[in-house]
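In: return atomic coordinates for the entry below.
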Amino acid sequence: MNLPEKNNFRKNIRPAKKTRLSLRPLSANIRMLLAGSIVLGSLSLSSHSNAALPLPKPAGAWATARSPLPRVSSASGWSQVNADLWRSGTTDAQFSDKTLTVKQTEGRVILSWDSFDIDVSHLVEFKQPGSNSIALNRVINSASPSKILGTLKANGQIYLINNNGFLFGANSVVDVNSLVVSTLDISDDVFNRGITKVFDADSSAAFSGNGDVYLRDPNTGDYVLDTNGRRFKIGVYIEEGAQIDTDNYGRVIMVAPEIINDGTITSPDGQVIMAAATDRVYLQEADSENTVRGLLVEVKTGGEVINGGNIITPRGNTTLMGFAVNQKGLISASTSVRVNGSVRLLARENVPTTPRIFNKKKVLEATKTTRAGDQGDGLGTVAKVTLGEGSVTAVIPEIDDTGTAVAEQGQPVSSVEIMGQTVNFESGSAVIVPSGEVDVTATETPNTPDKLDIANSSEIIMDPNSLIDVSGLTSAEKSMESNVIEVETRSNEFADAPVQKNGFLHGKKLRIDIREGTPLANIQPALDGIKRTVEERSAKGGTVNFSSQGKVTLNESSTVNISGGAINYREGYIKTSQLVGVDGKIYDISQASPDLEYVGILGEVSKNYKKWGVTKTWTV
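Out: Reported below is the predicted structural model:
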């Protein structure tokens, strides 16, 4: 699926007709659960700044002289054989001009570095045994963030750990199977057991940190300040122009107290997770009953995520998680006839030390969206999701997908899930999920979001000109003749028509308009066997669920579109079976009584070859 540019995306697929939400009884496709009140067109909110999101520019953190390529740590046990070759057991590192090649021969390796920087026009390439191979790269002797300004390539999975942060520059290119970038550590034990396995095993976190939010000068202990004199947060920063790509079914996981993306991240059939946290991040593999295909994620103490760039996961999932989640760019997934895409924007925190058990499985969940007091991280005391002006959050059916499925193969549903104590759709924001489901929850008890016996200040706010659109597609086009199916009628089809079981029509192929049907025979199995594309299956309108322990405020000119779509049929002719009754009259198959005997089909000539026991039929 080719997606238009972010600025044109919304106008290209925004429907011409809108359905306005009113105070009459709510449509079955819009559900509101409230402990407080609903306000329409009455609340005036101050506008939020939608200025560009410049990356922090520290005065000293990245100003020191740096190696253009990663430097091996003496603690790693690697010895320099010559100027171009380093060795560590089953891993070789070869330096050549502007290139570092790491050859990995085991499935999992742990590498230690004094620094892990890649300068402009420089390349670091990992050659690994396979796509499931993992190289954990830990920066242990540096007081500075890592700068990835050049190219990082790998045919397997690369984990990068630097407690001081990462910057992916405007010209950086990452092309790997999967990428994990974190300022929180992955212990050797967790790494060896698998970061996606340890929560189910013993409730362990995949990533662990000391709770620090701001970067300190290792020599003085003072906070590092940016060019505006503000404390510089430890984070992962991706500049506009940076490109991070994974293989199909790959994954990008970014973990830090602050994560700001202004670049482009693409993971087809995969997953992008940005989990902002200061201390612990937990991962769990979603089971088959979950609408998310991939990993579930929660945090102990949340940080801030800001997406001002592009995150594209065709047939995959994007999850932004933290105490403050700001979606100001493009997040796009897609849904095919067999697999769905999804987006989760979740502002919540506090995973219990002892998780509850449900169906014999540990439940990964957060329990809070509020804090008793300000923690000095600039995030306040309430967890908030903000969809900024001009942002697009979309899960779009792949209309170019030619795959088909029958009715009993349920269509996977595109979904967007948004949760926080406060959820704000700013003016000009758009959530577009044709024929999909959008769940928006404002709660102070994220583990029991439907608990509405007490009211609080939780709120969902849709500013003027904000949009949630789950309307059905209107782009599907078919021939008029596709409305006709041919059914060979035998005993099963005539189970409720005893007159026909041994009559002339037994074993005949009848042409039936599926829009009209026929009272003559049971054609449901044939109808169930009709194959349809995802474009056809996405013509029906979707569902929007608002659930709040406080208020839902839909300001004037905000739009929730749940209208149904349509399938367009080209001009053409339909020819259905015309039956000749024993009374000599002609009956269209749609009007043919099961209690009348039939002696022929208009337009058919049959000849019985008695010698061979064969009857041939021609249509004239």
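
In: so who does residue 164 touch?
Out: 61, 139, 142, 143, 144, 145, 146, 183, 215, 234 (CB atoms under 8 Å, 6 or more residues apart in numbering). Yep, even glycine has a C-beta here, placed from its N, CA and C like the rest.

In: tell me if I am right that it is in a helix.
Out: No: residue assignment for residue 164, taken from DSSP: H, G, I helix; E, B strand; the rest coil, gives coil, which places it outside any helix.

In: quick one: the strands in the stretch 301-450 of the chain?
Out: Read by DSSP state E, counting those that start in this stretch, the stretch 301-450 of the chain holds these strands, from start to end of the chain: 304-307, 310-313, 317-322, 324-327, 330-335, 342-347, 357-358, 361-362, 384-387, 392-397, 415-420, 422-425, 430-432, 437-442.

In: ok, then the element right after the last one?
Out: Read that as strand 437-442. Going down the chain from strand 437-442, the next helix or strand is strand 459-462, by DSSP states H and E.

In: pLDDT of that next one, averaged?
Out: Rounded to a whole number, the mean pLDDT of strand 459-462 is 98.

In: tell me how far that strand is from the chain's mean position?
Out: Relative to the centre of its chain, strand 459-462 is centred 22 Å away, using CA atoms, centre = their mean, to the nearest Å.

In: what segments of the stretch 501-620 of the chain are strands?
Out: With DSSP E, counting those that start in this stretch as the criterion, the stretch 501-620 of the chain has strands spanning 509-513, 543-548, 551-554, 559-561, 567-569, 578-581, 586-588, 598-601, 604-609, 614-619.

In: output those strands as a markdown table; include the columns mean pLDDT.
Out: Below are these laid out as a markdown table (pLDDT from 0 to 100):
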| stretch | mean pLDDT |
| --- | --- |
| strand 509-513 | 95 |
| strand 543-548 | 96 |
| strand 551-554 | 96 |
| strand 559-561 | 97 |
| strand 567-569 | 93 |
| strand 578-581 | 94 |
| strand 586-588 | 96 |
| strand 598-601 | 93 |
| strand 604-609 | 57 |
| strand 614-619 | 61 |
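
In: export those to CSV and tack on distance to residue 534 and mean neighbour count?
Out: Output for the strands of the stretch 501-620 of the chain, formatted as CSV (distance: least, CB to CB, whole Å; neighbours: other CB atoms under 10 Å):
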stretch, distance to residue 534, mean neighbour count
strand 509-513, 24, 18
strand 543-548, 17, 22
strand 551-554, 30, 23
strand 559-561, 20, 21
strand 567-569, 13, 15
strand 578-581, 36, 18
strand 586-588, 33, 15
strand 598-601, 36, 18
strand 604-609, 38, 11
strand 614-619, 35, 10
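
In: among these, which is nearest residue 425?
Out: With CB to CB, the closest approach to residue 425 among the strands of the stretch 501-620 of the chain belongs to strand 551-554: 9.2 Å.

In: may I have that closest one as CSV, with CA atoms only?
Out: Coordinates of each C-alpha in strand 551-554 appear next as CSV, following Å, rounded to 0.1, in the frame of the first residue of the first chain:
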residue,chain,number,x,y,z
LYS,A,551,-16.5,13.8,31.0
VAL,A,552,-16.6,13.4,27.2
THR,A,553,-16.5,16.8,25.5
LEU,A,554,-17.2,16.9,21.8
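
In: which other helices and strands contact it?
Out: Of the remaining helices and strands, those touching strand 551-554 by 3 or more CB pairs under 8 Å, 6 or more residues apart in numbering; DSSP states H and E are strand 30-34, strand 37-40, strand 459-462.

In: how does it look with 7 Å?
Out: Here strand 551-554 touches strand 37-40, strand 459-462, going by 3 or more CB pairs under 7 Å, 6 or more residues apart in numbering; DSSP states H and E.

In: describe which strands the following helix or strand past the last one pairs with in its sheet and in which direction.
Out: Meaning strand 459-462. Downstream of strand 459-462, the next assigned helix or strand under DSSP H and E is strand 467-469. In the sheet, strand 467-469 lines up against strand 430-432 (parallel), strand 559-561 (parallel) (DSSP bridges).

In: could the ones you listed be laid out in CSV, adding distance to residue 330?
Out: Putting the strands paired with strand 467-469 into CSV (distance: least, CB to CB, whole Å) gives the following:
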stretch, distance to residue 330
strand 430-432, 10
strand 559-561, 19
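
In: quick one, which of those strands is nearest to residue 573?
Out: When these are compared by CB to CB, strand 559-561 sits nearest residue 573, at 35.4 Å.

In: quick one: the closest one to chain centroid distance?
Out: So, by CA atoms, centre = their mean, the centroid of strand 559-561 is 21 Å from its chain's centroid.

In: and stretch 351-362, how far out from the chain's middle?
Out: Its chain's average C-alpha position is 25 Å from that of stretch 351-362, according to CA atoms, centre = their mean.

In: got the CA coordinates for it in PDB?
Out: Extracted C-alpha coordinates of stretch 351-362, given in PDB (Å, rounded to 0.1, in the frame of the first residue of the first chain):
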ATOM      1  CA  VAL A 351       2.900  -2.300  36.900                       C
ATOM      2  CA  PRO A 352       2.200  -4.300  40.100                       C
ATOM      3  CA  THR A 353       5.100  -6.200  41.600                       C
ATOM      4  CA  THR A 354       2.900  -9.300  41.900                       C
ATOM      5  CA  PRO A 355       0.700  -9.500  38.800                       C
ATOM      6  CA  ARG A 356      -2.800 -11.000  38.900                       C
ATOM      7  CA  ILE A 357      -3.600 -14.300  37.200                       C
ATOM      8  CA  PHE A 358      -6.300 -14.800  34.600                       C
ATOM      9  CA  ASN A 359      -6.900 -18.000  32.800                       C
ATOM     10  CA  LYS A 360      -3.700 -19.400  34.400                       C
ATOM     11  CA  LYS A 361      -1.600 -16.600  32.800                       C
ATOM     12  CA  LYS A 362       0.000 -13.500  34.300                       C
END
